[in-house]
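> based on what follows, work out the 3D shape:
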Amino acid sequence: MKLENKMTSERQQGGRQRDWDEVRKHSDQPIITIITSTYNVVQDLQWTIDSIKEQTYPNIQWIIADGASTDGTVAMFEANIELIDYWFSEPDTGIYDAWNKALEHVEGDWVQFIGAGDALYETNTLEKVVPYLKDAYPNYELVYGQVMHISEKGRKELYVSGEPWENYQGKWSTYIRPKIPEHPAIYHHVSLFQDIKFDTKLKISADSLFILQALKQNNTMLFIDIIVDK
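Numbers count the residues shown, from 1 in each chain. I've put the predicted structure just below:
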């Protein structure tokens with residue numbers, strides 16, 4: 001069922017809105033929800049659109065939380081309605097507020113947060129990740145891979161980050177905060193969001209705090225040797 005673009009209070013919204021219960025009836029593969037927040041990044045977003053469009057894995061719910069962009073971003077959503085399961089555009093207080101709003105619409109088993117301009121590393125990235133996700137829960141609620149860092153100009157590949165869990169556990173990053181994997185490469189089991197949300201009082205570190213809170217429940221993460229995001 002398609003959700004028509006409409007105005008609810010200050011919110012514009014739309015999207016494909018697949019019947020995910022019906023998907024589950026015909027597939028035993030997990031549904032991966034990807035959440036992207038945007039604000040006036042129409043040029044960067046095309047990289048992300050192309051990346052998700054080219055994925056060989058079918059069970060992807062893509063949710064985009066937009067902060068009332070004025071640069072044509074909303075028109076880009078409307079042009080890709082078959083790819084975006086749900087999008088909304090309204091004022092927010094920042095990325096974590098946008099993510100929390102998006103979480104209200106999650107239908108997937110695992111949730112990944114990737115930025116506008118980010119791309120899944122290969123066309124079969126999710127297909128390679130899914131076998132690990134199928135067997136991970138309940139032993140693991142957090143599964144992570146690696147990130148390919150690219151140049152600001154030309155998107156040239158620079159270096160890969162992401163190490164086995166024993167290289168993070170109990171370690172500190174430059175004495176400022178505990179060492180944890182980079183957030184775009186992390187898959188969060190949906191059960192985590194029943195008890196924890198992103199702290200909107202924090203401007204740049206609420207994702208790190210979320211992971212640390214999640215680790216209090218299950219003091220481990222599953223590392224998979226796959227480059228997930230760039």
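> assign Phe77 to helix, strand or coil.
Classification of Phe77 using DSSP: H, G, I helix; E, B strand; the rest coil returns helix.
> check what pLDDT it gets.
At Phe77, the pLDDT value in this model is 97.
> from Gly14, how far out is it?
For Phe77, the distance to Gly14 equals 6 Å [CB to CB, to the nearest Å]. Backbone N, C-alpha and C define where each C-beta goes, glycine included.
> and the spatially most central residue of the chain, how close does it get to Lys153?
Nearest to the geometric centre of the chain sits Phe113, at 1.9 Å (CA atoms, centre = their mean). With distances taken as CB to CB, Phe113 is found 25 Å from Lys153.
> also Phe223?
Distance of Phe223 to Lys153, computed by CB to CB: 31 Å.
> those two: which is more packed in?
Remark: of Phe223 and Lys153, Phe223 carries more neighbours, 22 against 6, as counted by other CB atoms under 10 Å.
> the more buried one in helix, strand or coil?
State at Phe223, reduced to three classes by three-state DSSP: strand.
> where does pLDDT dip in this protein?
The chain contains residues with pLDDT under 70 at 1-9, 175.
> quick one, strands of it?
Secondary structure of the chain, counting by DSSP state E: strands at 3-8, 11-15, 32-38, 60-66, 86-89, 110-113, 142-150, 157-161, 172-173, 177-178, 186-189, 222-229.
> looking at these, which is nearest to Trp47?
For Trp47, the closest of the strands of the chain is strand 142-150, at 9.9 Å, according to CB to CB.
> which other helices and strands does the closest one contact?
If you count contacts as 3 or more CB pairs under 8 Å, 6 or more residues apart in numbering; DSSP states H and E, strand 142-150 packs onto helix 125-136, strand 157-161, strand 186-189, helix 206-217, strand 222-229.
> out of those, nearest to Ile60?
For the helices and strands packed on strand 142-150, the distance to Ile60 is smallest for helix 125-136, at 6.7 Å, taking CB to CB.
> how far is the closest one from where the chain is centred?
Here the centre of helix 125-136 is set off from its chain's centre by 15 Å, with CA atoms, centre = their mean, to the nearest Å.
> go on, stretch 100-117?
For stretch 100-117, the separation from the chain centroid amounts to 5 Å (computed by CA atoms, centre = their mean).
> report the buried residues of that stretch.
Under the neighbour-count criterion of 16 or more other CB atoms under 10 Å, stretch 100-117 has 100-103, 105-117 buried.
> on that earlier part again, give me the common contacts of Phe77 and Gly14.
Listed as contacting both Phe77 and Gly14 by CB atoms under 8 Å, 6 or more residues apart in numbering are 84, 87.
> have a look at the two and say which one is more surrounded.
Phe77 (27 against 20).
> residues contacting the more buried one?
Residues near Phe77 by CB under 8 Å, 6+ apart: 14-15, 64, 66, 84, 87, 89.
> now the residue nearest to the centre of the chain: how far from Val106?
To Val106, Phe113 is 11 Å away according to CB to CB.
> ok, Glu90 next?
Taking CB to CB as the measure, Glu90 falls 18 Å from Val106.
> now swap in Gln169 and tell me
Taking CB to CB, one finds Gln169 at 28 Å from Val106.
> which residues are in contact with the residue nearest to Gln213 when sequence neighbours are not counted?
Nearest in space to Gln213, with sequence neighbours left out and distances taken as CB to CB, 6 or more residues apart in numbering, is Ile196 at 5.2 Å. Contact analysis of Ile196 by CB under 8 Å, 6+ apart lists 210, 213-214.
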